[in-house]
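K.L.:
whatever this is, show me its structure:
(chains A and B)
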Amino acid sequence: MTTTAQPFHLDVSGTAPVPFWRQVLVELRKSYDTRAGLWLLISIAGLVALVEGFIVVVTVIEGGFIAFSDLAIIAGGITSLLLPVLAILLVTTEWSQRSAMVTFSLEPRRSRVVLAKLVVSVLYVVATLVAMYAIAVVATAICDIAGDGAVSWRVDVSGTVGFALVQVLTMTIGFALGALLLNTPAAIVVFFLYWYLLPIVLFAVGSIREWLGNALEWVNFQAAVAPLGDWQLDTAEEWGKLLVSTALWIGVPMVAGLTRILRAEVK
Amino acid sequence: MIVVDHLTKRYGGFTAVEDVSFACRPGRVTGFLGPNGAGKTTTMRVMVGLTPASAGRVTIGGHAFASIPNPGRHVGVLLDASAQHAGRTGREILALGATAMGLPSSRVDEMLHLVGLTDGEAKRRLRNYSLGMKQRLGIAHALLGDPSVLILDEPANGLDPAGIRWMRGLLRGYADRGGTVLLSSHLLHEVEMIADEMILIGNGRIVAQGDQRSLLASRGGAASALVMSLDNARLGAALAAAGHAVTPAGPGLRVAATAEQVGRAALDAQVVLTDLRDGGGGLEELFLELTSSSQRDAIGATR
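P.N.:
Numbering: from 1, shown residues only, chains lettered A, B, ... in the order given. This next block holds a predicted model:
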């Protein structure tokens, strides 16, 4: 067969590529338009409301001291537990539900799809910050009006920025593991082991010998990220530990996961 | 419009598609026919960039699929109607596609109407869809961006006879308006009724291609007819006298002659015919013959 002649040329010059913001819009919508995604968001909100409500009731009845920033951090802490699961779901459901076939035939530049999902994860962190402040404002106001204890309205700006950055990094770990494993239950289990168990193991191993403990501080992301969360990254060594452990904990699975998604045959 | 050029896809030592070349033209429905596992789906997946080719390439209107901007507006793809999130509603799946392609949401309603999914059905989640409904939704998704090329893998699978007839009309009209359609099937009858041209694939290789007439003509071989009459014995004797081999076949006769020769013999012998047709099995026999080396059942039957 001769295929040298191209008698039927498809004119695509008048078509603009899919703009990135539209891809983000699509990925954002996918995060809440299924029962799994919607209920995850509802349960996060419900859990926060329950805990904050409990604190408010206790404070109002007992009349103790309550700080606005504490209420905000508690709300944020609860969301940080479940938000990485959302990041995992963003990536893995495309594969477990096989909708990646459709997604990638509408946008063959796969890296843009992955990037859009990552942007959605960050948007959720921002939304979390807004929500946790809104909840804290309401909760503190109730304590202020109804209770007779002391109330602190001081806003911890640096703590908020630190919290947001840690939150983004945590989401990214979930995202990277999701991309690497492309399987929802496996990614969730590995994430919790990775995030909660591995640091303890590293601490335990590090306590055997001092030199070993010192060396492991460079790979223990959980420990290295703590000064960031408190916004007290003072020394160059702390910065170094954060960069090295971030590269190890997020960089490696992320690169491996992206390579897998970009190269994989989509079935 | 779709040009497959010496395409080969290997998985380790297994060659799924071997040196496959064909072209699909605008205004024509091209049927891609072959038994299960012959390489149809693999070829179509390479077309839309979901599977990398080992050698050769596919272009659509002169472009690699990945370099077409907003490809949903040019190429409608349905590879697997079940490959959607089971928890999304039919309408939501189309709405996501419309958003990605930059289409107004009114397009979703148009497409739902076109494929005959009611409002109630569109609000149901995909896991509650029958296969036929999924296929209709998948066709709606493929047509969403008003593309000029359609690539459909087994679109008739799961459709009831009325649904197959509906799809036939839809694709016929689409091709008549200048669209290019490639659809695959492992069922000859589906393709036979819709396709202008056929590509027959077996064991990863193209075994024949062309329109129905040229495919049958290329086969050549002995003519055969199936006939029934009010007096089979007299007709059989007349045909035998004319030099045609006659064997009983059910309530009628199988004759090694063309339908015309049988009709003339019946006219001469003054026998009333009640049924007369080409007994060669037509495309079906050709299809089985050409793909026999890749037919699981044929291998089993010889043992």
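
K.L.:
how about the nearest residue to the residue of chain A found nearest chain B, chain neighbours excluded?
P.N.:
Chain B sits closest to A:Leu10 of chain A, with a gap of 2.2 Å, by Cβ to the nearest Cβ. Every C-beta, even on glycine, is put in place using the N, C-alpha and C of the backbone. Setting aside the residues directly before and after it, A:Leu10 is nearest to B:Gly61 in space (Cβ to Cβ, 6 or more residues apart in numbering or on different chains), at 2.2 Å.

K.L.:
wait, does the helix or strand hosting B:Asp5 contact chain A?
P.N.:
Element membership for B:Asp5 (DSSP states H and E) is strand B:2-11. Yes. Strand B:2-11 reaches chain A (Cβ under 8 Å from any Cβ of the partner chain) through B:Val3, B:Asp5.

K.L.:
C-alpha coordinates for that strand, CSV please?
P.N.:
Extracted in CSV, the C-alpha atoms of strand B:2-11 (Å, rounded to 0.1, in the frame of the first residue of the first chain):
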residue,chain,number,x,y,z
ILE,B,2,-6.9,7.2,9.0
VAL,B,3,-3.7,5.7,7.6
VAL,B,4,-2.1,2.7,9.3
ASP,B,5,1.4,2.3,8.0
HIS,B,6,3.3,-1.0,8.6
LEU,B,7,2.2,-1.1,12.2
THR,B,8,3.7,-3.7,14.4
LYS,B,9,3.1,-4.2,18.2
ARG,B,10,5.1,-6.7,20.2
TYR,B,11,4.7,-7.7,23.8
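
K.L.:
pull the distance from that strand to the chain's centre.
P.N.:
19 Å (Cα atoms, centre = their mean, to the nearest Å).

K.L.:
what are the phi and psi angles of the residue nearest to A:Leu10?
P.N.:
Phi and psi for B:Gly61, reported as degrees, to the nearest 10, are phi 60, psi 30.

K.L.:
picking that back up, can you tell me the strand partners of the strand holding B:Asp5 and which way each runs?
P.N.:
Here strand B:2-11 has these sheet partners by DSSP bridges: strand B:14-24 (antiparallel), strand B:55-60 (antiparallel).

K.L.:
average model confidence for whichever helix or strand comes after the longest one?
P.N.:
This points to strand B:14-24. Of the helices and strands lying after strand B:14-24 in sequence (DSSP H and E), the nearest is strand B:29-33. Average pLDDT, strand B:29-33: 94.

K.L.:
quick revisit: among the strands paired with strand B:2-11, which comes closest to B:Gly132?
P.N.:
Of all those, it is strand B:14-24 that lies closest to B:Gly132, at 25.6 Å by Cβ to Cβ.

K.L.:
and the angle for the closest one with strand B:29-33?
P.N.:
160 degrees (axes from the mean of the first three to the mean of the last three Cα atoms, to 10 degrees).

K.L.:
buried stuff in strand B:14-24?
P.N.:
Buried residues in strand B:14-24, counted by 16 or more other Cβ atoms under 10 Å in any protein chain shown: B:Thr15, B:Ala16, B:Val17, B:Glu18, B:Val20, B:Ser21, B:Phe22, B:Ala23, B:Cys24.

K.L.:
and it, C-alpha only, in CSV?
P.N.:
Extracted in CSV, the C-alpha atoms of strand B:14-24 (Å, rounded to 0.1, in the frame of the first residue of the first chain):
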residue,chain,number,x,y,z
PHE,B,14,4.4,-12.2,21.4
THR,B,15,3.5,-10.2,18.3
ALA,B,16,-0.1,-8.8,18.7
VAL,B,17,-0.1,-6.8,15.5
GLU,B,18,2.3,-7.6,12.6
ASP,B,19,3.0,-5.2,9.7
VAL,B,20,-0.5,-4.0,9.4
SER,B,21,-1.3,-1.4,6.8
PHE,B,22,-4.7,0.0,5.7
ALA,B,23,-6.5,3.3,5.2
CYS,B,24,-10.0,4.5,6.0
